[in-house]
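*Asks:* just to be clear, the model below is a prediction. Sequence and coordinates:
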Amino acid sequence: MLQTSGVTERLAAFVVAARCDELPPQVVHQAKRSAMNFFAVALAGCRDATVETARASLSAFSGGEQAAIVGRRERIDALGAAFLNAAGANVLDFCDTHTPTAIHPTAPILPALLALAELKRASGRDLLLALVLGQEAACRIGLAISPSHYGKGWHITATCGVFGAAAGCGKLLGLTAEQTVWALGNAATQAAGLCECLGTPAKSVGVGNAARNGLWSALLAAQNFSGPAEPLDGTQGYFHALGETPDLSRMFDGLGKSWEILQTSYKPYPCGFVMHPVIDCVLDWRRDHPDATVEGVVVTGNPLLAARADRPDISTGREAQVSVQHAVAAALLSGKAGLDQFTDACVRDPRAQTLRRKITVVRDESFSTVAAAVEITTTDGKVHKLSQAAARGSDANPMTDVDLEEKLTAAAAQWNPRHDVAPLIAAIWRLDESEDVSKLAALTVPRD
């Protein structure tokens, strides 16, 4: 008989018992901020070639027009919408990050909830609570197996995000504790995603499926589609099948008192978050030294920086999003680190190609994932030493509410300068006053 330790049951009981009026005000506000950031990055990515291809493929098999696709007039079945909106939110590496685990939690969770809210009436308070609980489930499972899980090559956003989507959707559906265990079991057997796929369109398959499969897992459980009693910590369950020895104290200590959503970072730059403190240093230096010629750059940071972004030899904009050499080169050349700096054209720029070869990455475990040091040597022989203790956008150096509004406004204007997203922004800040959020995603669609 398989081990039944009660780990999944305990997590499920927490999800079922949680109430919105028990959430601290700062947690509710952070959930709104995560929604604001989600719509910004989903609008930025909704017409990306990767999403276009996925949409065309899924539409051929879609069973209806149940749910909105962010930023587009087309509608699709709810499972397809969950996939596409998650893929669109993550495709440009512009989405939020849970700093301790590097999970991008909102991208796989909120699209599943939004699609479900078009099938089953939900209030704004329901949605916010489900988002918070989904993030809590995904991030605490991630904490229990970090950093070894990511280090083995699993794309933790996908492999843990599917649990968050299942838990959040289960909450919206009003599942019992037993059904929530089943939903998490359905998610466990579908948890997948490889870091080898980062920098390619295949990355979006894992993230999109985390949303789609999480929603489907909860819908199945609502029909009493049963599963094992201990899908997480069973002898052949998720943790052990992946060769992990989970630290369950990280999963449960402070559960219901400290909230993982408060450790969310929001990205000012569309690339891997471990690169952000480096970009901060380089942009600040370039602003003060616009005419200097760079001879070489040494970047020092957390080992995850090298593991994920030490990629000097790249050929596409997708690969650039996980290349610290390219991010530094582009920032030095343009004084910017926006969407235009992570395109195929920028990667092919001969000046960027030359600069990338002059950049070295050093691992140092004393650095957190949001910190870095940079040494820039110029042709006059001077060595400029720079450091960033907490990247812009991190939980220790956060973007403001206004910054997030501006990020959303800029993303909408990228595709349609006349797209007025003021109603969407207002609706997000007033989510806890809404009785029906089924039309929220539709506010992302331009009227003309």
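*Replies:* Right, received. Where do you want to start?

*Asks:* drop to CA atoms for contacts and neighbour counts, all remaining ones
*Replies:* Fine.

*Asks:* my read is that Ala102 contacts Ile156, right?
*Replies:* Yes. In terms of Cα atoms under 8 Å, Ala102 counts as a neighbour of Ile156; the distance is 7.5 Å.

*Asks:* the two - which one has more neighbours?
*Replies:* More neighbours surround Ile156 than the other of Ala102 and Ile156, with 31 against 25 (other Cα atoms under 10 Å).

*Asks:* who's in contact with that one?
*Replies:* Contact analysis of Ile156 by Cα atoms under 8 Å, 6 or more residues apart in numbering lists 101-103, 142, 149-150, 193.

*Asks:* among those, which are located in helices?
*Replies:* Of these, the ones assigned to helices by DSSP state H are 142, 149-150.

*Asks:* which stretches of the stretch 201-350 of the chain form strands?
*Replies:* Per DSSP state E, counting those that start in this stretch, the stretch 201-350 of the chain carries strands over the ranges 264-265, 294-301.

*Asks:* could you say which of those is packed most deeply?
*Replies:* strand 264-265 (a mean of 26; mean count of other Cα atoms under 10 Å).

*Asks:* packing partners of it?
*Replies:* If you count contacts as 3 or more Cα pairs under 8 Å, 6 or more residues apart in numbering; DSSP states H and E, strand 264-265 packs onto strand 97-98.

*Asks:* so which elements touch the strand it packs on?
*Replies:* strand 264-265.

*Asks:* any idea of the mean pLDDT in the strand it packs on?
*Replies:* For strand 264-265, mean pLDDT rounds to 94.

*Asks:* mean pLDDT for the strands of the stretch 201-350 of the chain: which is lowest?
*Replies:* In terms of average pLDDT, strand 264-265 trails the rest of these, at a mean of 94.

*Asks:* contact partners of it?
*Replies:* Against strand 264-265 from outside (Cα under 8 Å, 6+ apart): 96-99, 393-395, 398.

*Asks:* run me through the strand neighbours of it, direction for each.
*Replies:* Its sheet considered, strand 264-265 pairs with strand 97-98 (antiparallel) by DSSP bridges.

*Asks:* any idea which helix or strand comes after the partner strand?
*Replies:* helix 106-117 (DSSP states H and E).

*Asks:* list the helices and strands that next one packs on?
*Replies:* Applying 3+ Cα pairs under 8 Å, 6+ apart, we find helix 106-117 packed against helix 25-45, helix 78-90, helix 124-144, helix 156-173, helix 203-222.

*Asks:* still on that earlier bit, looking at the ones in helices among the contacts of Ile156, which is nearest Val437?
*Replies:* Closest approach to Val437 among the ones in helices among the contacts of Ile156 (Cα to Cα): Gly142, at 29.0 Å.

*Asks:* want to throw the helices and strands packed on helix 106-117 into a markdown table with mean pLDDT?
*Replies:* Below are those laid out as a markdown table (pLDDT from 0 to 100):
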| stretch | mean pLDDT |
| --- | --- |
| helix 25-45 | 97 |
| helix 78-90 | 98 |
| helix 124-144 | 98 |
| helix 156-173 | 98 |
| helix 203-222 | 98 |
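
*Asks:* now distance to Glu52 too, for the ones you listed, in a markdown table please.
*Replies:* Output for the helices and strands packed on helix 106-117, formatted as a markdown table (distance: least, Cα to Cα, whole Å):
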| stretch | distance to Glu52 |
| --- | --- |
| helix 25-45 | 10 |
| helix 78-90 | 9 |
| helix 124-144 | 26 |
| helix 156-173 | 20 |
| helix 203-222 | 12 |
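
*Asks:* quick check, Ala144 in contact with Glu244.
*Replies:* No. Counting by Cα under 8 Å, Ala144 does not reach Glu244; the two are 9.1 Å apart.

*Asks:* neighbour-wise, which of the two wins?
*Replies:* Set Ala144 next to Glu244 and count neighbours by other Cα under 10 Å: Ala144 wins out with 21 against 15.

*Asks:* give me the distance between that one and Leu440.
*Replies:* From Ala144 across to Leu440, the span is 34 Å (Cα to Cα, to the nearest Å).

*Asks:* how about Ser148, nearest residue that isn't a chain neighbour?
*Replies:* With Cα to Cα, 6 or more residues apart in numbering as the criterion, Ser148 has its nearest non-adjacent residue at 7.7 Å, and that residue is Glu244.

*Asks:* neighbours around the residue nearest to Phe83 when sequence neighbours are not counted, how many?
*Replies:* Closest residue to Phe83 apart from its sequence neighbours, by Cα to Cα, 6+ apart: Gly208 at 4.0 Å. A count of neighbours around Gly208, defined by other Cα under 10 Å, yields 34.

*Asks:* Ala35 and Trp429 touch, don't they?
*Replies:* No. Ala35 is beyond contact range of Trp429, at 9.3 Å (criterion: Cα under 8 Å).

*Asks:* those two - which one has more neighbours?
*Replies:* Remark: of Ala35 and Trp429, Ala35 carries more neighbours, 22 against 16, as counted by other Cα under 10 Å.

*Asks:* what sits against the closest residue to that one other than its chain neighbours?
*Replies:* Once flanking residues are discounted, Ala35 sits nearest to Ile428: 7.0 Å by Cα to Cα, 6+ apart. Ile428 is in contact with 32, 35-36, counting by Cα under 8 Å, 6+ apart.

*Asks:* swap in Ile261?
*Replies:* By Cα under 8 Å, 6+ apart, the neighbours of Ile261 are 27, 30-31, 98, 132, 135-136.

*Asks:* now stretch 422-431, how far from the centre of its chain.
*Replies:* 21 Å (Cα atoms, centre = their mean, to the nearest Å).

*Asks:* buried set for it?
*Replies:* Counting neighbours by 16 or more other Cα atoms under 10 Å, one finds that the buried residues in stretch 422-431 are 424-425, 427-429, 431.

*Asks:* what does the pLDDT read for the residue sitting nearest the centre point of the chain?
*Replies:* Geometric centre of the chain, nearest residue: His104, 2.3 Å, by Cα atoms, centre = their mean. As predicted, His104 sits at a pLDDT of 96.

*Asks:* do the one 5 residues further on as well
*Replies:* pLDDT recorded at Ile109 is 98.

*Asks:* list the residues that contact the nearest residue in space to it that is not next to it in sequence.
*Replies:* Nearest residue to Ile109, sequence neighbours excluded (Cα to Cα, 6+ apart): Ala165, at 4.4 Å. For Ala165, the contact set (Cα under 8 Å, 6+ apart) comprises 108-110, 112-113, 134, 210-211, 214-215.

*Asks:* try it again with 10 Å
*Replies:* Neighbouring residues of Ala165 by Cα atoms under 10 Å, 6 or more residues apart in numbering: 82, 105-113, 130-131, 133-135, 137-138, 171, 183-184, 187, 210-218.

*Asks:* hang on, the earlier thing: from the contacts of Ile428, which is closest to Lys120?
*Replies:* Of all the contacts of Ile428, Lys120 sits closest to Ala35, with 19.3 Å by Cα to Cα.

*Asks:* let me see the contact set for the closest one.
*Replies:* 29, 96, 106-107, 110, 128, 131, 404, 425, 428-429, 431.
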